[in-house]
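> sharing a model that was predicted from the sequence below.
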Amino acid sequence: MEALDLARWQFGITTVYHFLFVPLSVGLAYLIAFMQTMYVTKNDEKYKQLAKFWGRLFLLNFAVGVVTGIMQEFQFGMNWADYSRFVGAVFGGPLAVEALVSFFLESTFLGIWIFGWDRLSKKMHLASIWLVAIAATLSALWILSANSFMQEPVGYEIVNGRAEMTSFFALLGNKQLWVEFPHVIYGALATGALFVTGISAYKIVRKQQVDLFKTSFSIGIVVALISSILTATAGHTQSQHLMSSQPMKMAAAEALWNTSGESAPWTVIASIDPEAQKNGFQIEIPYALSILSYNKLTGSVPGILELQAQYEQLYGPGDYIPPVRTTFWSFRIMVGSGMLMILLALFGTWAMIRKRLEQYRTFLKLMIAAIALPFIANSSGWIMTEVGRQPWIVFGLQKTEEGVSPLVSSGMVATSLIGFTIIYGVLAAVFIYLVVHYTRKGVETDEAHDISSSEKIHTTAI
Amino acid sequence: MLESLWFYLIATLFVGFFFLEGFDFGVGMLTPFLGKSDTQRRVLINTIGPFWDGNEVWLITAGGAMFAAFPNWYATLFSGFYMALFLMLVALIGRGVSFEFRSKLDNPKWRTTWDWIIFFGSLLPPLLWGVALANLMRGVPIDQNMNYVGSFWDLISFYSVMAGVSIVLLFLLHGALFLSLKTEGELRDRVRALALRIGPLTSAVLLIFVVLSYFETDMFTGKGINPGSVPILAGFALLSVHFFLKAGRDGWAFIMTGATITLSTITVFMCLYPNVMISSLNPEWSLTIYNASSNAYTLKVMTIVALTMVPIVIAYQAWNYWVFRKRVSMNDHLDY
């Protein structure tokens, strides 16, 4: 393989991996901040125990998120030097601001939170976890403003063959940012919430510390319901925006080769043939794509082939069609996972209100498996976003192949690709092992506080 | 004007990184040797527990600031020193998770494994930064398109390894002095004895490195800003550590290694100015703060953000150190 392909794989693997941990950190931070707020305002020890239990899992997750994030920031210069030269004056800005404004705050106050349980006043200590949650959200805002520039460049001009920033506020006001950011943050909340409900369900099914975990399940399921619905509506807004800003991405996401008629049907599934540039078998729902795109029954949606012709006129000869299969299926996997999340959260909320949760053991077991859903949705959402933008690295300005480091050899990239993949794999295994370990151990109640062996805690808990 | 300001700001971020993460690298390297029992090793790691992550952000910010203010510097350095950075990332990744993972299970083998990852994860970055700085000072093969045309092995020489060893020793000493302020009893006695032994060795190795620099680089020919007495003060600060320690003034001793780190970093940046990457092939092809920088508007916006935020960051990080100012004891509840 060439250095370009290897660098792409490395970016894909390390970024998707990093983004398994980031949304969980953001979402859990808010849930823990909420639990600790309940502890401080109601002075109920139960919530302190819960905040500590979830806090421990949160810290394991946060650690992996942080270290894989360092890699992200360095990777642009290492593997994408020409991209960095081309956009550094615009794209570097939000990254530097992220470190200065958010990441410092997040890291410092996380340290204060971990070690500060007995050193700070209750209120100061509570403030520190809220600062972590807010800083993590702001981090997302800055990073997404950089990503939005790649999707929809604004606030720049091209001078001497590179992009230069002309308006910082245009970057921050980028329409793409304000459809992308809410989608990501609601998704992060849903991720944290389904993690909490899944692990709580596991404990309830096993009849361990049922009261405590019913409390965290209730908090989680309400957040899961609200945030998964909001994620879907924000996603809908985003795809409507993409119809005008990146129609090729949407056409590829629908595998719509030819421009639709006056009312566009939505393709549920299709067998796609990218070579022949058409679909074999497909199942369609009439009018649905027009509704999704424009909120009305009519409205033609431009197809891949017509857009390709348009782009050739605009940008010169070339292939402007992204990998259609990947874009199409990642979109469907994301939407499908999201819908399942909403249904599960609806049922869970209903069962909780009816106080029948423990009767639905199958449902609770499903909720354990459902921990995977937001991670699948997050990953496939990003795969759709980034793959669907190809061949561009910055839409309309630079192609991915032009951004790669010209003199970094394929041997070097292969070494780092293999190295990171192995290390990330080991980290994932250790992370999951520790999460399972601490889940089994359960909430440390006061009687069990100084006992270190898990069996003893187990007995006290029951 | 703004280019120069950003050059100083990036120097400041590196000073922050070396000063702060310097001692937590030192503690990481010392932990397997100084900690005679698991509890002692936990005490050592917990001395830096609330701080190390915030310290590391100085590096991340320096990286981001280079990207924003000097995209060409960022691109050339990071793609050019590819394998060195890969190794550093592996070290930082391993080290970062180790702090969190090590004490989570009771198994001694588990803990020893993470302790050694912390050791190598704390040893490699200063070693590699030394190698990188030596090459920045001496110049590396850069072509007319600002691309590094050498290999990883071109970065490795007696001189650059000496730079790495000097920084490792300096951070070891810095870390030991930090520990003398944060531990107590028998552990602290051993830390102080160790610091008294590493001190003279560090001074000797750094002196050799300075002499080597005289022959290996153009640093002393006055191409950059004449650093004047700054490096001499750095030397005196380092020599004074021994006397402060003997007098029982550990706090001052720690400030003095901090001063050595700060003044040495300033010296390197002053001598480099206005170059950021010197081309050994043709001086015309060197990257300077002018041909590597962003446009004026970007620099202006970034200046406003940086000049507002850096003092705030320093303030709350200082508060963090104040909150956790107490020595860590074997009887404390240990989080890490």
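Structure's in. What do you need? Computed from a predicted structure; not experimentally measured.
> quick one: mean pLDDT for stretch A:1-11?
In this model, stretch A:1-11 has a mean pLDDT of 91.
> kindly export it (C-alpha atoms) in PDB.
Taking C-alpha atoms only, stretch A:1-11 is exported to PDB below (Å, rounded to 0.1, in the frame of the first residue of the first chain):
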ATOM      1  CA  MET A   1       0.000   0.000   0.000                       C
ATOM      2  CA  GLU A   2       1.100   3.600  -0.600                       C
ATOM      3  CA  ALA A   3       1.800   6.000   2.300                       C
ATOM      4  CA  LEU A   4      -1.400   7.800   1.400                       C
ATOM      5  CA  ASP A   5      -3.600   4.800   1.900                       C
ATOM      6  CA  LEU A   6      -1.800   3.800   5.100                       C
ATOM      7  CA  ALA A   7      -2.100   7.400   6.400                       C
ATOM      8  CA  ARG A   8      -5.900   7.300   5.700                       C
ATOM      9  CA  TRP A   9      -6.200   4.000   7.500                       C
ATOM     10  CA  GLN A  10      -4.300   5.300  10.400                       C
ATOM     11  CA  PHE A  11      -6.400   8.500  10.600                       C
END
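> can you pull the buried residues of the helix ranked longest in chain A?
Secondary structure of chain A per DSSP state H: the longest helix is helix A:3-42. Using 16 or more other C-beta atoms under 10 Å in any protein chain shown as the test for burial, helix A:3-42 gives A:3-4, A:6-8, A:10-11, A:14-36, A:38-40. The way it works is simple: take the backbone N, C-alpha and C, and place the C-beta from them, glycine included.
> show me where the stretch 101-250 of chain B has its helices.
Ranges of helices in the stretch 101-250 of chain B, per DSSP state H, counting those that start in this stretch, are B:108-138, B:158-182, B:185-216, B:230-246, B:250-272.
> and these, which is most packed in?
Mean neighbour count (mean count of other C-beta atoms under 10 Å in any protein chain shown) peaks for helix B:158-182 among the helices of the stretch 101-250 of chain B, with a mean of 24.
> that one packs against which elements?
The helices and strands touching helix B:158-182, judged by 3 or more C-beta pairs under 8 Å, 6 or more residues apart in numbering or on different chains; DSSP states H and E, are helix B:2-34, helix B:38-48, helix B:108-138, helix B:185-216, helix B:230-246, helix B:250-272.
> how far away is A:Ile393 from chain B?
14 Å (C-beta to the nearest C-beta, to the nearest Å).
> neighbours around that residue, how many?
A:Ile393: 22 surrounding residues under other C-beta atoms under 10 Å in any protein chain shown.
> quick check, it in a strand?
Yes - under DSSP: H, G, I helix; E, B strand; the rest coil, A:Ile393 sits within a strand.
> verify the contact between it and A:Met150 for me.
Yes - under the criterion of C-beta atoms under 8 Å, A:Ile393 makes contact with A:Met150 at 6.6 Å.
> and the closest residue to chain A within chain B, how many neighbours?
The minimum distance from chain B to chain A, using C-beta to the nearest C-beta, falls at B:Pro71 (2.2 Å). When neighbours are counted by other C-beta under 10 Å, B:Pro71 registers 29.
> same check on A:Val387?
20.
> same thing with B:Glu284?
7.
> mind checking how far it is from A:Arg440?
For B:Glu284, the distance to A:Arg440 equals 65 Å [C-beta to C-beta, to the nearest Å].
> how about B:Pro227?
To A:Arg440, B:Pro227 is 59 Å away according to C-beta to C-beta.
> the more surrounded of those two?
Using other C-beta under 10 Å, the more surrounded residue of B:Pro227 and A:Arg440 is B:Pro227, with 22 against 14.
> show me which residues of the stretch 301-450 of chain A sit near chain B.
Contact residues, the stretch 301-450 of chain A versus chain B (C-beta under 8 Å from any C-beta of the partner chain): A:405-408, A:412, A:415-416, A:419-420, A:423, A:427, A:430, A:434, A:437-438.
> which one among the residues you listed gets closest to B:Met66?
When those are ranked by distance to B:Met66 (C-beta to C-beta), A:Ser405 comes first, at 15.7 Å.
> can you give me the strands in chain A?
For chain A, applying DSSP state E gives strands covering A:156-159, A:162-165, A:266-273, A:278-285, A:392-394, A:398-399.
> A:Asn43 and chain B, how far apart?
Taking C-beta to the nearest C-beta, one finds A:Asn43 at 22 Å from chain B.
> what's the spacing between stretch A:405-414 and its chain's center?
Offset of stretch A:405-414 from its chain centre (C-alpha atoms, centre = their mean, to the nearest Å): 29 Å.
> what's the answer for stretch A:247-262, then?
25 Å.
> what lies in contact with it?
Residues outside stretch A:247-262 that contact it (C-beta atoms under 8 Å, 6 or more residues apart in numbering or on different chains) are A:239, A:242-243, A:264, A:266-267, A:270, A:272, A:277-279, A:282, A:289-290, A:293, A:298-308, A:311, A:320-325, A:327-328, A:331, A:384-385, A:388-389.
> contacting residues for A:Tyr156?
When contacts are counted by C-beta under 8 Å, 6+ apart, A:Tyr156 touches A:Val90, A:Phe149, A:Ala163, A:Glu164, A:Met165, A:Thr166.
> tell me the contacts of the fourth one?
If I follow you right, that is A:Glu164. Contacts of A:Glu164 (C-beta under 8 Å, 6+ apart): A:Ala89, A:Val90, A:Tyr156, A:Glu157, A:Ile158, B:Ser294, B:Asn295, B:Tyr297, B:Thr298.
> the third one now?
The contact partners of A:Ala163, by C-beta under 8 Å, 6+ apart, come to A:Phe86, A:Val87, A:Ala89, A:Val90, A:Phe91, A:Pro153, A:Tyr156, A:Glu157, A:Val394, A:Leu397.
> what about the nearest residue to it once chain neighbours are set aside, distance to B:Trp73?
In this structure, A:Ala163 finds its nearest non-sequential neighbour in A:Tyr156, 4.6 Å apart by C-beta to C-beta, 6 or more residues apart in numbering or on different chains. Here A:Tyr156 is placed at a distance of 20 Å from B:Trp73 (C-beta to C-beta).
> now do B:Trp129
Per C-beta to C-beta, B:Trp129 is found 16 Å from B:Trp73.
> returning to what we had before: filter the residues of the stretch 301-450 of chain A next to chain B down to the buried ones.
With neighbours counted using 16+ other C-beta under 10 Å, those contain these buried positions: A:Ser405, A:Leu407, A:Val408, A:Met412, A:Ser416, A:Phe420, A:Ile423, A:Leu427, A:Val430, A:Leu434, A:Tyr438.
> hey, what's A:Ile272 bridged with?
Beta-bridge partners recorded for A:Ile272 (DSSP bridges): A:Asn279.
> closest residue of chain A to chain B?
Residue of chain A nearest chain B, by C-beta to the nearest C-beta: A:Gly88 (2.2 Å).
> and stretch B:2-11, how far from the chain's centre?
The chain centre lies 19 Å from the centre of stretch B:2-11; the measure is C-alpha atoms, centre = their mean.
> then stretch B:316-329?
Counting by C-alpha atoms, centre = their mean, stretch B:316-329 is centred 21 Å from the centre of its parent chain.
> list the buried residues in it.
Buried residues in stretch B:316-329, counted by 16+ other C-beta under 10 Å: B:Gln317, B:Asn320, B:Val323, B:Phe324, B:Arg327, B:Val328.
> quick check, that stretch touching chain A?
Yes - with C-beta under 8 Å from any C-beta as the measure, stretch B:316-329 is seen reaching chain A through B:Tyr316, B:Gln317, B:Asn320, B:Val323, B:Phe324.
> give me the distance between the two termini of that stretch.
Taking C-alpha to C-alpha, to the nearest Å, stretch B:316-329 runs 25 Å from one end to the other.
> what's in contact with that stretch?
By C-beta under 8 Å, 6+ apart, the residues outside stretch B:316-329 that reach it are A:104-105, A:108-109, A:111-112, A:115-116, A:119-120, B:43, B:46-47, B:50-51, B:54, B:181-184, B:188, B:334.
> could you measure from A:Pro286 over to A:Met250?
In this view, A:Pro286 and A:Met250 are 18 Å apart by C-beta to C-beta.
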